[in-house]
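A.B. asks: sequence first, predicted model second:
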Amino acid sequence: MNEKIKVIEGGVTAAKGFMAASTAAGIKYKNRQDMAMIYSKEPCKSAGTFTTNLVKAAPVKWDKNQVTSGADAQAVIINAGIANACTGEEGMGYCAQTAKAAAETLGVAEDGVLVASTGVIGMQLPIDKIAAGVKAMVPLLGDSLEKGTEASKAIMTTDTKNKQVAVQIDMNGTTVTIGGMCKGSGMIHPNMCTMLGFITTDAAITKELLQKALSDDIKDTFNMISVDGDTSTNDTVLLLANGMAENPVIDEENSPEYAEFKKALNYVNTELSKKIAGDGEGATCLFEVKVVGAESKEQAVTLSKSVVMSTLTKAAIYGHDANWGRILCAMGYSGAQFDPEKVDLYFESKAGKLKIIENGVSTGYSEEVATKILSEDHVTAIADVKMGDCTATAWGCDLTHEYVNINADYRS
């Protein structure tokens with residue numbers, strides 16, 4: 001990690017001027033919070049990246065319009081349980097009604113309200129409960145760590161743990177903070193992933209560079225994770241910047257300040273991405289795949305993604321089985337060109353590091369040692385294709401019986 005980046009406790013309320021709240025609106029879940037609100041005391045520049053699935057949920061369309069309109073953003077309303085996807089004009093109308101309820105209660109512009117939903121596809125939102133939830137959250141807004149943490153819990157669906165991270169950087173004597181929260185566990189696949197992510201910063205930065213920083217970074221973070229190969233209808237990452245750190249505005253792409261901002265954003269996005277991959281539905285471990293020695297970044301990305309998405313490899317990782325043939329096979333059908341007879345492969349975890357194959361053939365490694373390495377909750381496969389100096393890392397998880405159990409009765 002860059003030594004200039006200081007990791008701090010917190011999430012969306014870590015940056016100056018950002019507040020959060022949550023409530024139990026009774027949308028689908030019982031006896032738990034299922035709505036969250038993020039609010040900035042000052043209007044924000046907004047940036048966003050969204051699902052590439054042709055079937056886009058109403059909130060995705062709403063937020064894309066907000067981000068591209070150029071209007072300042074000041075609030076985000078999120079619900080869990082119902083995705084508001086495949087809901088037609090009625091669903092779009094509910095986005096507008098949610099924004100109106102928030103605007104009236106908070107005293108902000110309707111076009112400054114972003115909305116996000118996650119959960120079952122095809123069901124209509126109970127808009128009366130949504131509107132009531134919005135009004136209930138406004139008096140509860142606060143900037144404490146607890147408020148941000150509770151918000152991160154309220155947006156969970158099949159997640160087993162909440163996900164948040166925050167960092168600070170020194171921008172020429174001014175402290176700039178970036179914090180974020182996300183949710184995601186199933187229907188996770190590279191292509192703007194399958195998840196919701198919300199990142200807040202008090203940095204002063206132009207909207208153009210804010211969007212560029214997010215769009216560029218997504219390629220190496222959220223788009224490099226996969227749990228099950230399914231790309232969602234609701235994928236959204238929103239980045240809000242309110243400028244309250246009062247640093248000189250970052251407006252030059254080639255400036256050292258922009259470079260530092262990008263590094264800090266990359267740390268936040270990487271950590272959030274790994275939290276999603278490691279919390280895949282039914283997963284027992286985070287499975288990381290590093291491809292090194294590639295001749296191009298594109299080749300490394302293609303190879304690492306192919307391995308992390310391989311169903312057979314994921315099942316072997318669950319069984320703590322060093323079945324390296326499945327990894328080499330997944331590399332072989334990826335479409336990237338390489339020489340299988342030059343590949344070295346290693347497994348690594350807290351339990352140690354072991355070379356499994358050298359130049360495409362087994363090293364005669366100890367199965368017992370390999371199993372020990374593969375029994376940790378974070379396992380890394382490193383493939384060296386010996387063609388250049390480019391690298392890429394993808395993140396996923398093992399595939400367990402529990403994944404089927406969760407998804408066989410998700411709607412009920």
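C.D. replies: Everything's here; your move. Numbering: from 1, shown residues only.
A.B. asks: going forward, measure contacts and count neighbours with C-alpha atoms only.
C.D. replies: Will do.
A.B. asks: give me the outermost residue of the chain relative to its centroid.
C.D. replies: Here the chain reaches farthest from its C-alpha mean at residue 364, the gap being 38.4 Å by C-alpha atoms, centre = their mean.
A.B. asks: which element is that one on?
C.D. replies: Using DSSP states H and E, residue 364 falls within no helix or strand.
A.B. asks: repeat that for residue 211.
C.D. replies: Per DSSP H and E: helix 207-218 holds residue 211.
A.B. asks: do the same with residue 54
C.D. replies: Per DSSP H and E, there is no helix or strand for residue 54.
A.B. asks: can you give me how far whichever helix or strand comes after the helix holding residue 211 is from the chain middle?
C.D. replies: Going down the chain from helix 207-218, the next helix or strand is strand 236-241, by DSSP H and E. Here strand 236-241 is found 11 Å from its chain centre; the criterion is C-alpha atoms, centre = their mean, to the nearest Å.
A.B. asks: export strand 236-241 to CSV, keeping only CA atoms.
C.D. replies: Extracted C-alpha coordinates of strand 236-241, given in CSV (Å, rounded to 0.1, in the frame of the first residue of the first chain):
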residue,chain,number,x,y,z
THR,A,236,-24.1,0.7,-9.6
VAL,A,237,-21.1,2.4,-8.1
LEU,A,238,-21.7,6.1,-7.1
LEU,A,239,-18.9,8.5,-6.1
LEU,A,240,-19.8,11.8,-4.4
ALA,A,241,-17.4,14.7,-3.8
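A.B. asks: list the strands paired with that strand, with their directions.
C.D. replies: For strand 236-241, the pairing partners within the sheet under DSSP bridges are strand 35-50 (antiparallel), strand 196-201 (parallel).
A.B. asks: give me the angle between it and helix 207-218.
C.D. replies: Here the directions of strand 236-241 and helix 207-218 differ by 140 degrees (axes from the mean of the first three to the mean of the last three C-alpha atoms, to 10 degrees).
A.B. asks: please work out the average pLDDT along the helix or strand following strand 236-241.
C.D. replies: Remark: after strand 236-241, the chain's next helix or strand is helix 256-278, criterion DSSP H and E. Averaging pLDDT along helix 256-278 yields 95.
A.B. asks: helices and strands around helix 256-278, which ones?
C.D. replies: Under the contact criterion of 3 or more C-alpha pairs under 8 Å, 6 or more residues apart in numbering; DSSP states H and E, helix 256-278 touches strand 163-171, strand 174-183, helix 207-218, strand 286-294, strand 390-397.
A.B. asks: rewinding a little: mind listing what's buried along the helix holding residue 211?
C.D. replies: 207, 209, 210, 211, 213, 214, 215, 217, 218 (16 or more other C-alpha atoms under 10 Å).
A.B. asks: check stretch 352-365 too.
C.D. replies: Buried, per 16+ other C-alpha under 10 Å, within stretch 352-365: 353, 354, 355, 356, 357, 358, 359, 360, 361.
A.B. asks: now do stretch 44-52
C.D. replies: In terms of neighbour count (16+ other C-alpha under 10 Å), stretch 44-52 has its buried residues at 44, 45, 46, 47, 48, 49, 50, 51, 52.
A.B. asks: geometric centre of this structure: which residue is closest?
C.D. replies: The chain, centroid-nearest residue using C-alpha atoms, centre = their mean: residue 273 at 4.4 Å.
A.B. asks: chain neighbours aside, what residue packs nearest to that residue?
C.D. replies: Closest residue in space to residue 273, ignoring its immediate chain neighbours: residue 222 at 5.3 Å, by C-alpha to C-alpha, 6 or more residues apart in numbering.
A.B. asks: wait, isn't the one you found in contact with residue 267?
C.D. replies: No - between residue 222 and residue 267 no contact is recorded; they are 11.6 Å apart, counting by C-alpha atoms under 8 Å.
A.B. asks: wait, which of the helices and strands packed on helix 256-278 is closest to residue 28?
C.D. replies: Closest of the helices and strands packed on helix 256-278 to residue 28 is strand 174-183, at 16.8 Å (criterion: C-alpha to C-alpha).
A.B. asks: go ahead and name everything in contact with the closest one.
C.D. replies: 10-16, 152, 155-157, 159, 162-170, 195-203, 245-247, 264-265, 268, 272, 276 (C-alpha atoms under 8 Å, 6 or more residues apart in numbering).
A.B. asks: ditto for stretch 119-134
C.D. replies: Outside stretch 119-134, the residues that reach it (C-alpha under 8 Å, 6+ apart) are 23-27, 35, 37, 77, 79-87, 90-91, 94, 97-98, 101-102, 105, 157, 411.
A.B. asks: stretch 292-303 too?
C.D. replies: 291, 330-331, 334-337, 382-394.
A.B. asks: and what of stretch 204-224?
C.D. replies: Residues contacting stretch 204-224 (C-alpha under 8 Å, 6+ apart): 45-49, 189-193, 239, 241-251, 253, 262, 265-266, 269-270, 273, 305, 392-395.
A.B. asks: narrow the residues you listed to those that are buried.
C.D. replies: 45-49, 189-193, 239, 241-245, 247, 250-251, 262, 265-266, 269-270, 273, 305, 392-395.
A.B. asks: now residue 280: phi and psi?
C.D. replies: Main-chain dihedrals, residue 280, degrees, to the nearest 10: phi -60, psi 150.
A.B. asks: what residues does it make contact with?
C.D. replies: Residue 280 sits in contact with 159, 184, 185, 186, 188, 227, 396, 397, where contact means C-alpha under 8 Å, 6+ apart.
A.B. asks: please report the distance of the closest residue to residue 21 other than its chain neighbours from residue 13.
C.D. replies: Leaving out its chain neighbours, the residue that sits closest to residue 21 by C-alpha to C-alpha, 6+ apart is residue 141, at 4.8 Å. Plainly put, residue 141 is 10 Å away from residue 13 if you go by C-alpha to C-alpha, to the nearest Å.
A.B. asks: got a list of what residue 250 touches?
C.D. replies: Applying C-alpha under 8 Å, 6+ apart, the residues contacting residue 250 are 204, 205, 206, 209, 257, 258.
A.B. asks: my bad, should have said residue 251
C.D. replies: Listed by C-alpha under 8 Å, 6+ apart, the contact partners of residue 251 are 205, 206, 209, 258.
A.B. asks: measure it to residue 212 for me?
C.D. replies: 12 Å.
A.B. asks: and for residue 266?
C.D. replies: From residue 266 to residue 212 the distance is 13 Å (C-alpha to C-alpha).
A.B. asks: again with residue 92
C.D. replies: 27 Å.
A.B. asks: what about the helix or strand bottoming out on mean pLDDT in the chain, distance to the chain center?
C.D. replies: Least confident element among the helices and strands of the chain, by mean pLDDT, DSSP states H and E: helix 401-408 (a mean of 85). Centroid separation for helix 401-408 versus its chain: 22 Å, with C-alpha atoms, centre = their mean.
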